[in-house]
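> need a 3D model of the sequence below.
(2 chains)
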Amino acid sequence: MKILVIEDEVELRETLKASLTKEDYVVETASDFYTALDKVLVYDYDCILLDVMLPGGSGLQVLEQLKKEGKSDNVIIISAKDSLDDKLNGLELGADDYLTKPFHIAELNARIKAVLRRKQRDGKETLEMGNIVLDLYERNLLIAGEAVPLNRKEFDILHYFLLNKNRLVSKSALAEHVWGDNTDQADNLDFIYSQIKNLRKKFLAKQADVDFETVYGVGYKLVKK
Amino acid sequence: MKLANQTLKYFSVSVLVVIALWSTVFYLFMLEAIHDNIDEELENQKRLIIQELTEDETVSPDLEFGINNYKVREITEQQALNMKNVYKDTMLYMQDDDDPEPELEPVRMLTTAFVHKGHYYELSIINSMIEESDLIKNLFYSVLILFVLLVISIVSINRVVIQRLWSPLYRFLEQLARFRLGKTADKPAMDTKIQEFKDLQLAVATLIHHNEEIYEQQKQFIGNASHELQTPLAIMINKLEMLAETQGLQPEQSEILADLLHTAERLVRLNKSLLLLTKIENKQFFDNEEISINGLVGHVVEELEDMAAFKRVEIRVEQQSQLSARLDAALANIIVANLLRNALFHNIEGGYVHITLTDKLLQVANTGGQPPLDVDKVFSRFYKSDAAARGTGLGLAIVQAICNLYGFGLSYRHEQQQHIFTVVFYPA
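Purely as a prediction, here's the structure:
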């Protein structure tokens, strides 16, 4: 899988590159409008992360050119602007998703995978790790072939972790994604612990070969035992 | 004090002083003229009396003032030679028609001497005078009447003048009082030909323009500053997340990282809240649609269920009626979410959040350990009732900004150990 990161801020570009490399993507970068235009028109990417404000022009123009050329690369706009107009403009121009800076790495991973999966169209609607299989269509979990009931929140949590295999999922990223925590209140996120504990119990009962690894204070990683 | 009354005060005081001075001078002149007149009269009488007295051989002395109003007595030559014509004011007992018994009345008396056939005589002639007290009394009354008339005319002239000339100013003042920076579209204006008013209008217009510029700049600055902070914050958070992922971190190191991450996330929340406030104040939300508040409450309550269960706080929803309002969906969500989260976080173990929905309002009541909040400050930016709270202090300010935008009524009260927030979705 090839990903192009178009972002002018060097620190952010490098961080994203490092993180995406961990996910085994081939990552290329562009830091300004013309380099970006060159790359998207010459090469094909599975996913393009596109910053809107670039030296030399707007990321939206890059998107326009791309679509004009009839290319079907997935595009996720990453912008510091959180305005509905920009969002709608971007999506109208053919972007697949819109992510507002700052975002959690886990959220970016989830969005990229969602976009990639949508375009695969191979009918495969499952996420797997070790002996667990999460069926996104049927919304159920199989551990070693055996169905395990999950409530809606547990399903959403596990889904998020499976989009971030072996990666750190911070408690706040999880809270924002699952519990829609987007207000200004710095919540006490300890309640997440009890949710993870419930999932762990289900894993243990069915002898799943995956487990949540605690990163003290920060969050959890779903890893193979 | 109103301009009219103030003018009246100055006018009446100065008119009073002028009239008082004038009447004193007038009184003195009057008195002088009366004396002159009487003295001339006495002089005339003197001649007539002496003429009459000297017609006979001898002058018979007349020692009392009788009908003739004079008295004559003989004096020595020496005395006569020492005498001059003397006019003086004196008092004599006299009885007028209206007096039951004689009273002292002021008189003018001329004392003189004359010679007749080698005999010397002293002659005193009196003439009754106007009583000064009467004069003063009469003068005082006429002056008072003059003063009252003058004041009445000043008042009426003033009223007409103020109505005619000052009315543009009063209308201008009304407009100014209603004017709100960034809210009132029309600038205060007046239709006048008076130069001072034109100058005032120009000065006010310049001032307003200047203030509007500053207001705009300030709004833009907050927006731009928050916006520019997004990317550095993104770098910070993502790098910290990458660092937290590295293998072999000791729990202590991980805890420090967690603290850093939470602080960075707090900055992000603060920043987003400021951006949101700026957007609301710039009225950048105009995607109004009919929103079911009941549905929204249900959705937010579902999101908060796990948190509430963890905190052992019961969330009760009492739907007395269906409530819907026309506003931006994102903003509607913020109103409900901020109020509900607030009620949940500032709660006590075993407490409750009681949500009531009627056809007009949403009410969120919660138990809480804190004393009643300061009603005047609870919706102010950065107001925190307890220093330990980890919120940005902007949650309620945002709710208020949204309510102001749509004209909804937002209020807080403390009743029976409950903090109660109410949003009336329809302006009264």
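> name the nearest residue to the closest residue to chain B within chain A, ignoring sequence neighbours.
Closest approach of chain A to chain B (CB to the nearest CB) occurs at residue A:217, with a separation of 2.8 Å. (C-beta placed from N, C-alpha, C; glycine too.) Spatial nearest neighbour of residue A:217, excluding adjacent residues (CB to CB, 6 or more residues apart in numbering or on different chains): residue B:258 at 2.8 Å.
> and the helix or strand bottoming out on mean pLDDT in chain A, which residues are buried?
Counting by mean pLDDT, DSSP states H and E, the weakest-scoring helix or strand in chain A turns out to be helix A:84-92, with a mean of 79. Buried residues in helix A:84-92, counted by 16 or more other CB atoms under 10 Å in any protein chain shown: A:84, A:86-87, A:89-90.
> residues contacting the residue nearest to residue A:217?
A:216-218, B:244 (CB atoms under 8 Å, 6 or more residues apart in numbering or on different chains).
> thinking again about what came up before, what separates whatever helix or strand comes next after the least confident helix or strand of chain A from the chain centre, distance-wise?
Remark: after helix A:84-92, the chain's next helix or strand is strand A:97-100, criterion DSSP states H and E. Between the centre of strand A:97-100 and the centre of its chain there are 10 Å (CA atoms, centre = their mean, to the nearest Å).
> just checking: what are the partner strands of strand A:97-100?
strand A:74-79 (parallel) (DSSP bridges).
> ok so, going back, ok, the residue of chain A closest to chain B touching residue B:255?
Yes: Residue A:217 lies in contact with residue B:255 (CB atoms under 8 Å); the separation is 4.6 Å.
> out of those two, which sits in the more crowded spot?
A direct count of neighbours by other CB atoms under 10 Å in any protein chain shown for residue A:217 and residue B:255 places residue A:217 higher, at 20 against 14.
> related to what we said a few turns ago, make sure the residue of chain A closest to chain B is indeed in a helix.
No: using DSSP: H, G, I helix; E, B strand; the rest coil, the assignment for residue A:217 is coil, not a helix.
> where along chain A do the strands fall?
Using DSSP state E, the strands of chain A run over A:2-6, A:26-30, A:47-51, A:53-54, A:57-58, A:74-79, A:97-100, A:126-129, A:132-135, A:140-143, A:146-148, A:168-170, A:210-215, A:219-224.
> I meant the stretch 301-428 of chain B, not that one.
B:314-319, B:324-328, B:352-357, B:361-367, B:409-415, B:418-424 (DSSP state E, counting those that start in this stretch).
> so where's chain A uncertain?
Residues of chain A meeting the criterion pLDDT under 70: A:82-84, A:121-124, A:181-188.
> domain-wise, how is it divided?
A:2-120, A:126-224 (automatic domain parsing).
> stretch B:78-98 - what's its average pLDDT?
What stretch B:78-98 shows for mean pLDDT is 80.
> give me the contact list for the helix or strand containing residue B:299.
Element membership for residue B:299, per DSSP H and E: helix B:293-310. Here helix B:293-310 makes contact (CB under 8 Å, 6+ apart) with A:153, A:179-181, A:187-188, A:190-191, A:194-195, B:314-315, B:317, B:319, B:322-325, B:332-333, B:336-337, B:340-341, B:344, B:353, B:355, B:357, B:362, B:425.
> run the last query once more with 6 Å
Under the contact criterion CB atoms under 6 Å, 6 or more residues apart in numbering or on different chains, helix B:293-310 has outside partners A:179-180, A:191, B:315, B:319, B:322-323, B:332, B:336-337, B:340, B:344, B:355, B:357, B:362.
> same question, stretch A:145-160
A:134, A:139-141, A:177-178, A:195, A:199, A:202, A:206.
> okay if I get these as TSV plus neighbour count?
What follows is the contacts of stretch A:145-160, written out as TSV (neighbours: other CB atoms under 10 Å in any protein chain shown):
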residue	neighbour count
A:134	22
A:139	13
A:140	14
A:141	25
A:177	19
A:178	20
A:195	19
A:199	23
A:202	17
A:206	17
